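Chemist: Model the structure of this input:
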Amino acid sequence: MSIRLYGLPRSSATRVRWALEELALPYEYVLLDRAKGELRTPAYLAINPSGKVPGFVDGTQRYFESIAILFHLGESYGHERGLWPGAGPLRAEAMCWTVWGVTEMHTFMMQYLYHGVDTPVSYRPEDRSKATAAYNHAQVLRLLDVLDARLAGQDFLLGGFSLADIPAAWALIFGTSLGGSLEGRANVQRWLDRCRARPALARTGEI
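Modeler: Numbers count the residues shown, from 1 in each chain. A predicted model of the protein is given here:
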């Protein structure tokens, strides 16, 4: 087995790196340099044709998009390590929450930060839209309510920690570090504290 992960600091590649650490899989982390054009080389575009991160190679198979990589890791290595459910209803839930964390929580949180908060990644004030900020903030509040309800009476999204927790947790860890807020959702706060305390996340060096 030979695994390589291509990434940038505090990016969507962190989701994959966290999963690799949770799975205790040996891997090579290739830190790309955007300023040197390393995301646009023919060799890297053969792995991720979008010229973005993450890029991922497992043996002879190439992957891009963090959701696809997390599914691959879960199905290939997660069952035996108790981090991804086998066939059945819980597996369906794992897939849904994994996608939700990226396409819903991460997307709306970042759009809110771009337009509604002063952060290093925000648009210039003259390029921001108050309407866009308000809409995306409302969506973040809705999603926090969904997450808070899901976590009522349980420690993690599927009961015990799994790879399905990683996308939403990283979206909120990253988002709150830039000025986003959990808006007083107590269940979400407790869950996020548990996720943030994972030794595997600390090993990524991203917090």
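
Chemist: what's the domain layout of this protein?
Modeler: Domain assignment for the chain, taken from automatic domain parsing, gives 3-78, 89-204.

Chemist: And stretch 157-165, what's buried?
Modeler: 157-158, 161-165 (16 or more other Cβ atoms under 10 Å). The way it works is simple: take the backbone N, C-alpha and C, and place the C-beta from them, glycine included.

Chemist: following the longest helix anywhere in the chain, which helix or strand comes up?
Modeler: In the chain, assigned by DSSP state H, the helix with the most residues is helix 130-150. Using DSSP states H and E, the helix or strand that follows helix 130-150 in sequence is helix 166-177.

Chemist: Off-centre distance for that next one?
Modeler: Helix 166-177 sits 7 Å away from the centroid of its parent chain (Cα atoms, centre = their mean, to the nearest Å).

Chemist: Number the chain from 38, please
Modeler: Sure, I'll start counting at 38 from here, so that last one is helix 203-214.

Chemist: following it, which helix or strand comes up?
Modeler: Sequence-wise, the next helix or strand downstream of helix 203-214 (DSSP H and E) is helix 223-233.

Chemist: If you count contacts, what does that next one end up packed against?
Modeler: Helix 223-233 sits against helix 167-187, helix 203-214, with contacts defined as 3 or more Cβ pairs under 8 Å, 6 or more residues apart in numbering; DSSP states H and E.

Chemist: wait, which of those helices is closest to W137?
Modeler: With Cβ to Cβ as the criterion, W137 lies closest to helix 203-214 of the helices and strands packed on helix 223-233, at 6.8 Å.

Chemist: Give me the angle between that closest one and helix 223-233.
Modeler: In terms of direction (axes from the mean of the first three to the mean of the last three Cα atoms, to 10 degrees), helix 203-214 departs from helix 223-233 by 100 degrees.

Chemist: Can you name the residues in contact with helix 203-214?
Modeler: Helix 203-214 has contacts (Cβ atoms under 8 Å, 6 or more residues apart in numbering) with 47, 51-52, 55-56, 59, 103-104, 107, 134-139, 142-143, 146-147, 150, 184, 194, 217, 219, 225, 228-229, 232-233, 244.

Chemist: tally of neighbours for I203?
Modeler: 30 (other Cβ atoms under 10 Å).

Chemist: Tell me where the chain is predicted with low confidence.
Modeler: 38 (pLDDT under 70).

Chemist: okay, which residue of it is out on the far edge from center?
Modeler: Of all residues in the chain, E163 has its C-alpha farthest from the mean position, at 29.3 Å, by Cα atoms, centre = their mean.

Chemist: ok so, going back, list the helices and strands the longest helix of the chain packs on?
Modeler: In this structure, helix 167-187 makes packing contacts with helix 144-153, helix 223-233, judged by 3+ Cβ pairs under 8 Å, 6+ apart.
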